[in-house]
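# pasting the sequence and the predicted model now:
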Amino acid sequence: MRDALREALHEEMERDDSIIVLGEDVITHGGPYAVTRGLDEKFPGRIRQTPISEAGIVGTALGAALCGMRPVAEVMYVDFATCAMDEVVNQMAKVRYMFGGQTDVPVVLRLPSGSARLLAAQHSQCLEAWFLHVPGLQVVVPSTAYDAKGLMKTALRGKDPVLFMEYKRLYTNECEVPDEDYAIPFGQADVKREGGDVTIVATGPMVPKALEAADLLSPEGIEVEVVDTRTLVPFDKATVFASVEKTNRVIVTDEEVKRGGTSAEIASLIAEECFDALDAPVKRVAAAEVPMPFSPELEKLVVPKTEHLVAAARELVG
Amino acid sequence: MALLRVFEERAAEQYMLGKIRGFLHLYIGQEAVAVGAIHALGRDDYVTTHYRDHGHALARGLSVNAVMAELFGKATGCSKGMGGSMHLFDASLNFAGGYAIVAGHLPLSTGMGFAFNYLNDNRLVATFFGDGALNEGEAHEVLNMSALWNLPVVFICENNLYGMGIPLSQSMSNTQLHKMAESYGIASAQVDGMDVLAVREAAETAVQHVRSGNGPYFLEARTYRFRGHSMADPVLYRSKDEEAEYRKLDPIAQYGEWLLSSKMATQKKLDAISAEVEKQVEESIAFAEESPFPSPEDLYRNVYAQLP
């Protein structure tokens, strides 16, 4: 996925002079996950390394966007977005609306998210739920390299602020990525696997786990349909509801803390608008409600696993 | 300045009548800063400011009707009724807002400077903020960044000696605010914010410095607001004697006296100006009264570029 993201940035930066990248260490290492590695040589002056000033970085990106540029700002870990919350929530999300629509806000914020190799409480969070709660922001969560490239291209061509969640554990995801230009529109979920018995509505790193669960359940005669949400705002209700109507049983899953997480919102939508199609209550599989502990034996207990999805599916069907 | 003063006084009246609601932060007493400084800018330069923004908007040339209508929450307001008193905006005049978070607009103003620097197009951004804004961390982040990157930002600190109810000496370890900016390597100066000619001259120096590619400039304008922080403020934190002392320095009275004594204007001319601005503001109130509110269909407009 990291190469796909770099390709998206590269191709769009060739196409559009107004795109620049801002962030900490984005030149030196290409960022801690090497997404921007090498871009500085290809586009000198367009990759800007910043001091450790998240509010300054995000605010600078916003101001430049209000003057016709297309900045891509990296906040090294989504956990650090807390240092820029005013910029994201009070400024970026609101300037179009509170000024009566007089300005576009073409900012992309790249936000590495999720658990990865024992990074502990302040480097492991998933915070989509905070941002999907704020009108004016778009929230994008690719699960594959193919989706990442296509969604990043759409982000870089839009007029609204995008919070692009890059799951650290998915940077190594590999799949076929076409050379030709393609962009994936926002608001289009993707049925990654068809099945008639249980729907798993999955986001981000839970998508590959949902597919694994499906493979484990198929020999038992349980066919799982996996719907990858891809974008949380705008959200594709139609695809999700169509699947629920087909299978009548649904699990919603993501890696966020379960309480108040994205799955809570999706589950509510399904319960409110798809009730008649349901043969069982909506189940959620998400992370334990704790800060991320360091110790390896404990981290394993926090992040939802394939086996939890398998167990949930068996319960729904059984 | 006369326009600003009359506008604010009449807006206060409309507020008491319940025609303007929510928050109203009056610029009375500080007129020389907005007027003097904005006169030093070019048409293509950008202006951003805090929530006490009516003065800056009018000085920048926004229509009096559109500003009053915005305060009334009408669809004909400069922000289509979606922002109100604290969020005035006019893209055609490069008046880029009206922001309610103390120091919240400083990073994005720095971003505008970043864009102008990147595009190498000789524009600059003048960003107004109060003494209280320097209490906030993000102000310091962007003072550092703008100096580091040599950005064309004119930082104009309207030091009216109070951050809401907190006197400057109780919130800032260094009350010489322009000296604080100097410590970041930013050229800076302090000016008497009650003297419109001094402000304009100081702003011209700042603009010249910035446009010549020398990086940001920090101008501390010492001023005073004659009314409270907002209409809701009972002003218990300063004495009437202090207010009376500062009223003697009224920027409009000062400038009027100078015009008369230097024979640049006659009393008759000054009276004509007073009458004219009264009329403009009166008409704006009628305009605001007669304008429609936004309709329910407008509620979801402009959350995103397109309706979902």
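Received the coordinates, thanks.

# the strand ranked longest in chain A - contacts with which helices or strands?
Ordering each strand of chain A by length in residues (DSSP state E) puts strand A:250-257 first. On a contact count with 3 or more C-beta pairs under 8 Å, 6 or more residues apart in numbering or on different chains; DSSP states H and E, strand A:250-257 meets helix A:128-132, strand A:198-202, helix A:206-217, helix A:262-273, strand A:283-287, helix A:306-317. Where you see a C-beta, it was placed from the backbone N, CA and C, and this is true even at glycine.

# that strand pairs with which strands, and in what direction?
With DSSP bridges as the test, strand A:250-257 is paired with strand A:198-202 (parallel), strand A:283-287 (parallel).

# pick the most deeply packed of these.
Most buried of those by mean neighbour count (mean count of other C-beta atoms under 10 Å in any protein chain shown) is strand A:198-202; its value is a mean of 30.

# what does the stretch 201-318 of chain A put close to chain B?
Contact residues (C-beta under 8 Å from any C-beta of the partner chain) of the stretch 201-318 of chain A with chain B: A:Pro234.

# so what's the residue of the stretch 201-318 of chain A found nearest chain B up against?
Distances between the stretch 201-318 of chain A and chain B by C-beta to the nearest C-beta are smallest at A:Pro234, namely 5.8 Å. Neighbour list for A:Pro234: A:138, A:186-187, B:304, B:308 [criterion: C-beta atoms under 8 Å, 6 or more residues apart in numbering or on different chains].

# am I right that A:Glu11 is in contact with A:Tyr182?
No: between A:Glu11 and A:Tyr182 there is no contact under C-beta atoms under 8 Å: 10.3 Å.

# what residues are shared contacts of those two?
A:Lys153.

# and those two? Which one has more around it.
Set A:Glu11 next to A:Tyr182 and count neighbours by other C-beta atoms under 10 Å in any protein chain shown: A:Glu11 wins out with 16 against 12.

# check the gap between the more buried one and A:Ile266 for me.
Distance, A:Glu11 to A:Ile266, using C-beta to C-beta, to the nearest Å: 32 Å.

# show me what contacts the residue positioned nearest the centre of chain B?
Nearest to the geometric centre of chain B sits B:His56, at 3.8 Å (C-alpha atoms, centre = their mean). Contact partners of B:His56, counting by C-beta under 8 Å, 6+ apart, are B:27, B:34, B:38, B:47, B:49, B:95, B:128.

# secondary structure class of the last one, three-state.
Same thing as B:Phe128. Following DSSP: H, G, I helix; E, B strand; the rest coil, we place B:Phe128 in the strand state.

# pull the contacting residues for it.
Going by C-beta under 8 Å, 6+ apart, B:Phe128 touches B:33-34, B:37, B:47-50, B:56, B:156, B:158.

# tell me which of these fall in helices.
Among those, the members found in helices (DSSP state H) are B:33-34, B:37, B:56.

# among those residues, which one lies nearest to chain A?
Nearest member of the ones in helices among the contacts of B:Phe128 to chain A, counting by C-beta to the nearest C-beta, is B:His56, at 14.5 Å.

# state the helix or strand in which B:Val6 lies.
In this structure, B:Val6 sits in helix B:2-16 according to DSSP states H and E.

# helices and strands around that helix, which ones?
Looks like helix B:2-16 contacts helix B:31-38, helix B:54-60, helix B:64-72, helix B:267-290 (3+ C-beta pairs under 8 Å, 6+ apart).

# dump the contacts of B:Phe128 to CSV, plus pLDDT.
As requested, these are exported to CSV (pLDDT from 0 to 100):
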residue, pLDDT
B:Val33, 98
B:Ala34, 98
B:Ala37, 98
B:Val47, 98
B:Thr48, 98
B:Thr49, 98
B:His50, 97
B:His56, 98
B:Ile156, 98
B:Glu158, 98
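
# burial of residue 49, as a residue count?
Looking at chain A here, since you left the chain open. 14.

# my question was about chain B, not that one.
30.

# contacting residues around it?
B:34, B:56, B:97-99, B:105, B:127-129.

# what residues are bridge-paired with it?
With DSSP bridges as the rule, B:Thr49 is bridged to B:Gly98.

# ok, now how distant is it from B:Leu26?
14 Å.

# what do you get for B:Ala126?
21 Å.

# what about A:Val177, neighbour count?
As a measure of burial, A:Val177 has 18 neighbours, counting by other C-beta under 10 Å.

# in three-state terms, label A:Leu9 for me.
Once three-state DSSP is applied, A:Leu9 turns out helix.

# so it touches A:Val21, yeah?
Yes: here A:Leu9 reaches A:Val21: they are 7.0 Å apart, a contact under C-beta under 8 Å.

# and stretch A:84-95, how far from the chain's centre?
19 Å (C-alpha atoms, centre = their mean, to the nearest Å).

# before we move on, the earlier item: output the strands paired with strand A:250-257 as CSV; include the columns mean pLDDT.
Formatted as CSV, the strands paired with strand A:250-257 follow (pLDDT from 0 to 100):
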stretch, mean pLDDT
strand A:198-202, 98
strand A:283-287, 98
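
# closest one to B:Gln208 among the ones you listed?
Across those, B:Gln208 has its closest neighbour in strand A:283-287 (56.7 Å, C-beta to C-beta).

# what does the stretch 101-250 of chain B put close to chain A?
B:101, B:104-116, B:118-119, B:125, B:137-138, B:141-142, B:144-145, B:148.

# so which of these sit within strands?
Per DSSP E, the subset of those in strands is B:Val125.

# list only buried entries from the residues of the stretch 101-250 of chain B next to chain A.
Buried by 16 or more other C-beta atoms under 10 Å in any protein chain shown: B:101, B:104-116, B:118, B:125, B:138, B:141-142, B:144-145, B:148, out of these.

# pLDDT of the host helix or strand of B:Ala189, averaged?
If you go by DSSP H and E, B:Ala189 is part of strand B:187-192. Averaged across strand B:187-192, the pLDDT comes to 98.

# okay, now the closest residue to B:Pro292 other than its chain neighbours: neighbour count?
Taking C-beta to C-beta, 6 or more residues apart in numbering or on different chains, and ignoring the residues beside it in sequence, B:Pro292 has B:Ala75 as its nearest neighbour in space, at 5.4 Å. Using other C-beta under 10 Å, B:Ala75 has 16 other residues around it.

# cool, the one 3 residues further on as well?
B:Cys78 is surrounded by 28 other residues when neighbours are defined as other C-beta under 10 Å.

# so it touches B:Leu71, yeah?
No: with contact defined as C-beta under 8 Å, B:Cys78 does not count as touching B:Leu71 (9.8 Å).

# thinking again about what came up before, pull the residues that contact the helix holding B:Val6.
Contacts of helix B:2-16 (C-beta under 8 Å, 6+ apart): B:20-21, B:24, B:26-28, B:31, B:34-35, B:54-55, B:58-59, B:64, B:67-68, B:71-72, B:227, B:231, B:252, B:273-274, B:277-278, B:280-282, B:284-285.

# stretch A:304-313 now?
Residues contacting stretch A:304-313 (C-beta under 8 Å, 6+ apart): A:197-198, A:200, A:206, A:209-210, A:212-213, A:216-217, A:222, A:224, A:249, A:251, A:253, A:255, A:283, A:285-287.

# which sections of the stretch 101-250 of chain B are below the confidence cut-off?
Judged against pLDDT under 70, the stretch 101-250 of chain B has no low-scoring part.
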